[in-house]
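Enquirer: no sequence for this one, just the structure:
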């Protein structure tokens with residue numbers, strides 16, 4: 001077995017955690033990513049229902065056990081992927097200026113906390129996957145994806161080594177593999193991992 005030389009943490013909500021899968025620890029995209037990268041150890045820090053915004057109480061990722069676990073392990077991570085926002089879009093009330101500013105500041109807070117643990121850490125900020133059918137009526141996704149992509153420039157200007165990965169583009173054709181219109185099945189998770197793997201290999 002090859003020694004692990006890269007340590008990757010995957011931050012997210014229920015999509016990252018693998019909600020709806022029979023065996024999330026084996027089938028969610030972080031596990032599939034690890035199988036594709038033999039020299040990498042990949043850790044799943046996804047937590048269902050959590051938001052990027054830090055002002056939403058128990059719904060905030062900052063108030064989760066996964067965040068505590070992340071902080072305990074952050075010093076060893078070389079690369080962190082971040083895919084939070086779907087639940088922010090659910091809570092958004094038209095994406096007011098305050099909501100946008102809070103999402104931005106919360107993202108900076110998250111990255112700052114991680115970089116404090118490892119100054120050489122690199123980041124991949126991902127936009128949220130597609131949602132389908134009636135779910136599109138409940139989640140205000142278009143402003144979110146614009147916000148996620150624009151944040152990369154701000155994060156790099158603030159000194160965080162940040163790359164952007166378009167997970168929406170990967171998942172948009174996969175509607176048949178989202179049984180509840182929001183959460184990907186095993187096949188979709190594998191496709192997500194393959195696309196993310198190809199991108200990560202260009203930056204590590």
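Expert: In hand now; what should we look at? Predicted, not measured: the structure shown is a model, and the values here were computed from it. Numbering: from 1, shown residues only.
Enquirer: For the protein, which segments count as strands?
Expert: 6-12, 40-46, 79-83, 122-126, 161-165 (DSSP state E).
Enquirer: ok now do the spatially most central residue of the chain, which residues does it touch?
Expert: Nearest residue to the geometric centre of the chain (CA atoms, centre = their mean): residue 83, 1.7 Å. Counting by CB atoms under 8 Å, 6 or more residues apart in numbering, residue 83 touches 10-13, 15-16, 126-129, 167. Every C-beta, even on glycine, is put in place using the N, C-alpha and C of the backbone.
Enquirer: Looking at these, which one is closest to residue 45?
Expert: residue 11 (5.0 Å; CB to CB).
Enquirer: Pull the number of nearby residues for the closest one.
Expert: 27 (other CB atoms under 10 Å).
Enquirer: Any idea what it is bridged to?
Expert: residue 45, residue 82 (DSSP bridges).
Enquirer: My read is that it contacts residue 79, right?
Expert: No. Residue 11 is not in contact with residue 79 according to CB atoms under 8 Å; the separation is 11.3 Å.
Enquirer: what is in contact with these two at once?
Expert: Contacts common to residue 11 and residue 79, judged by CB under 8 Å, 6+ apart, are absent.
Enquirer: picking up where we left off before, residue 145: which of the contacts of residue 83 is nearest?
Expert: Of the contacts of residue 83, the one sitting nearest to residue 145 (CB to CB) turns out to be residue 127, at 4.6 Å.
Enquirer: Tell me where the chain has helices.
Expert: 14-17, 24-27, 29-36, 65-73, 86-91, 97-117, 141-157, 167-171, 186-200 (DSSP state H).
Enquirer: Can you lay out those as JSON lines showing mean pLDDT?
Expert: As requested, the helices of the chain are exported to JSON lines (pLDDT from 0 to 100):
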{"stretch": "helix 14-17", "mean pLDDT": "98"}
{"stretch": "helix 24-27", "mean pLDDT": "98"}
{"stretch": "helix 29-36", "mean pLDDT": "98"}
{"stretch": "helix 65-73", "mean pLDDT": "98"}
{"stretch": "helix 86-91", "mean pLDDT": "98"}
{"stretch": "helix 97-117", "mean pLDDT": "98"}
{"stretch": "helix 141-157", "mean pLDDT": "97"}
{"stretch": "helix 167-171", "mean pLDDT": "98"}
{"stretch": "helix 186-200", "mean pLDDT": "98"}
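Enquirer: Nearest residue to residue 151 in space, please, no chain neighbours.
Expert: Closest residue in space to residue 151, ignoring its immediate chain neighbours: residue 107 at 5.8 Å, by CB to CB, 6 or more residues apart in numbering.
Enquirer: just the helices of the chain: most buried one?
Expert: Among the helices of the chain, helix 14-17 has the highest mean neighbour count (mean count of other CB atoms under 10 Å), at a mean of 25.
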